[in-house]
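S.K.: Based on what follows, work out the 3D shape:
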Amino acid sequence: MATTTEDLLKQALEQNRKLMKQVQTLTEQVAYLNRKLYGSHSEKMTDPNQLSLLGDNSVFTDPEQTGQQSEEIVVVKAKRKPKSSRGESIDPKLPIEETVITRESELCDHGHQLTKVGKHLVREVVHHIPGRLYVERLFEETYKCPECELEDGVSHLYQGQAPQALFPHSLATSSLVAELLYQKYALGTPLYRQILEWRRAGLLLSETTMTNWVINAAEIVRPVYDLMHEYLLSERFLQGDETPFQVLREPGKSAKSKSYIWVERSIRLADQQVVYYAYGNTRSGKFAQRIYSGYTGVLQCDGYAGYTPSWVDKQIIKACLPREEFLYGPKGFQIHAGGEIILYWSGS
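M.R.: Next comes the predicted model:
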């Protein structure tokens, strides 16, 4: 059945009518959303044609004038909440213990007997023992030498020497930071989830404060970290691997990009078990070259090309049939029972 021109015109008009209705509906939706996002949210009428239920609503909208008001404009500044200068605070209900640091010698520099004249507060710190927290107030005992003062008329004051704080101007102690690190790395509890737990225990900490504690603690133990690496590089056999690791807000990288944690460890039969982790923002072989620089033993790893033998003088390449593995070491060729093929190869 042939379609006439009149039928085509009717179809076009119907289609146009539907499209116009759809455009009108979408326009109304956009206008509504714009009002919700950017429109006024105060309780007032925006339509001038809308009458008030209260009749003359100027009684409620216009300010009352008694004729006695001053025309002077008074500006009232809003009070701002004082900015906290410390990201840590202590519940006053926590138990308090006082420690007074005395002077090792009770004699002055000239050999005279010292007399106690008081003490002064050095700092407050928080200790953690399993199940509870307590505050320690450290004082230094103050002394003076009356005999020296009689001789020259000048006061000679001495005081005890308190131990150095773990972190300057901080409540942190080794027991407190050790528990925080245990919760984060051994139990996998992020710092932001620890905030409420510490608050229940009586210590108010911010995530920024705890983050700084983790960073500063890492710097304190860095000599031990470097010593572990030196020990591994002296071993005859090592195992190595790398795994993707996502880092948020890393400078120069998007949050979806991959970084890597490289692991270097002693073998199971070694006398001393040591595991060394190194963070790298790349999987490049240059990073492997850096952490294995100077190593002359046997390294067991997977088949990733980043462990290329080009940067080691003597290496072994090992291919196992059940699982592809590589060992780098001296030159030669050998076939072991069980399907293991070991190629000894000397790099350039």
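S.K.: three-state assignment of the spatially most central residue of the chain?
M.R.: Centroid check for the chain by C-alpha atoms, centre = their mean gives T211 as the closest residue, at 4.1 Å. What DSSP: H, G, I helix; E, B strand; the rest coil gives for T211 is helix.
S.K.: quick one, what contacts it?
M.R.: The neighbours of T211, taking C-beta atoms under 8 Å, 6 or more residues apart in numbering as the test, are L191. Where C-beta positions appear, they are placed from N, C-alpha and C, glycine not excepted.
S.K.: What strands flank the longest strand along the chain, and is each parallel or antiparallel?
M.R.: Counting residues, the longest strand in the chain under DSSP state E turns out to be strand 115-129. Under the criterion DSSP bridges, strand 115-129 sits next to strand 132-144 (antiparallel) in its sheet.
S.K.: Return the set of buried residues in the strand it pairs with.
M.R.: Taking 16 or more other C-beta atoms under 10 Å as the neighbour-count basis, strand 132-144 is seen to contain the buried residues L133, V135, E136, L138, F139, E140, E141, T142, Y143, K144.
S.K.: Mind listing the residues bridging to the fifth one?
M.R.: Think F139. Going by DSSP bridges, F139 forms beta bridges with V100, L121.
S.K.: go on, the last one?
M.R.: Listed by DSSP bridges, the beta-bridge partners for K144 are T115, L157.
S.K.: Need the per-residue pLDDT for it.
M.R.: The predicted local distance difference test score for K144 is 87.
S.K.: Contacts only, for it.
M.R.: The neighbours of K144, taking C-beta under 8 Å, 6+ apart as the test, are L114, T115, V117, S155, H156, L157, Y158.
S.K.: Specify which member of those is nearest to Y292.
M.R.: Proximity of the contacts of K144 to Y292, judged by C-beta to C-beta, is greatest for Y158, which lies at 54.2 Å.
S.K.: pLDDT score assigned to the closest one?
M.R.: As predicted, Y158 sits at a pLDDT of 87.
S.K.: likewise S52?
M.R.: Per-residue pLDDT puts S52 at 49.
S.K.: S175 now?
M.R.: At S175, the model reports a pLDDT of 92.
S.K.: With the one 3 residues further on instead?
M.R.: As predicted, A178 sits at a pLDDT of 94.
S.K.: where does it land in three-state SS?
M.R.: From three-state DSSP, the assignment for A178 is helix.
S.K.: which SS class is Q22?
M.R.: When classified by three-state DSSP, Q22 comes out as helix.
S.K.: how much space between it and Y304?
M.R.: To Y304, Q22 is 56 Å away according to C-beta to C-beta, to the nearest Å.
S.K.: Comparing those two, which residue is more hemmed in?
M.R.: Neighbours were tallied for Q22 and for Y304 using other C-beta atoms under 10 Å; the higher tally belongs to Y304 (15 against 10).
S.K.: ok, that one - contacts?
M.R.: Applying C-beta under 8 Å, 6+ apart, we find Y304 in contact with E242, R283.
S.K.: sorry, back to before: which one of the buried residues of strand 132-144 sits closest to V122?
M.R.: The closest of the buried residues of strand 132-144, once distances to V122 are taken by C-beta to C-beta, is L138, at 4.6 Å.
S.K.: Would you agree the closest one is in contact with T99?
M.R.: Yes - contact between L138 and T99 holds when scored by C-beta atoms under 8 Å: they sit 5.3 Å apart.
S.K.: tell me the contacts of G240?
M.R.: Each residue near G240 by C-beta under 8 Å, 6+ apart is listed here: W262, V263, E264, R265, A288, Y292, L299, Q300, C301, Y307.
S.K.: Tell me if it really is in a strand.
M.R.: Yes - assigned with three-state DSSP, G240 falls within a strand.
S.K.: Most neighbours among the contacts of K144, which one is it?
M.R.: When neighbours are taken as other C-beta under 10 Å, the top entry among these is L114 (21 neighbours).
S.K.: So D271 versus E6, what's the distance?
M.R.: In this structure, D271 lies at 99 Å from E6, with C-beta to C-beta as the measure.
S.K.: Please enumerate the strands of the stretch 51-200 of the chain.
M.R.: When assigned using DSSP state E, counting those that start in this stretch, the strands of the stretch 51-200 of the chain occupy the ranges 88-90, 96-101, 115-129, 132-144, 157-159.
S.K.: can you list the residues that contact the last one?
M.R.: Translated: strand 157-159. Contact with strand 157-159 is made by R103, C108, L114, V117, H120, E140, E141, T142, Y143, K144, C145, as judged by C-beta under 8 Å, 6+ apart.
S.K.: Fine by me, thanks again.
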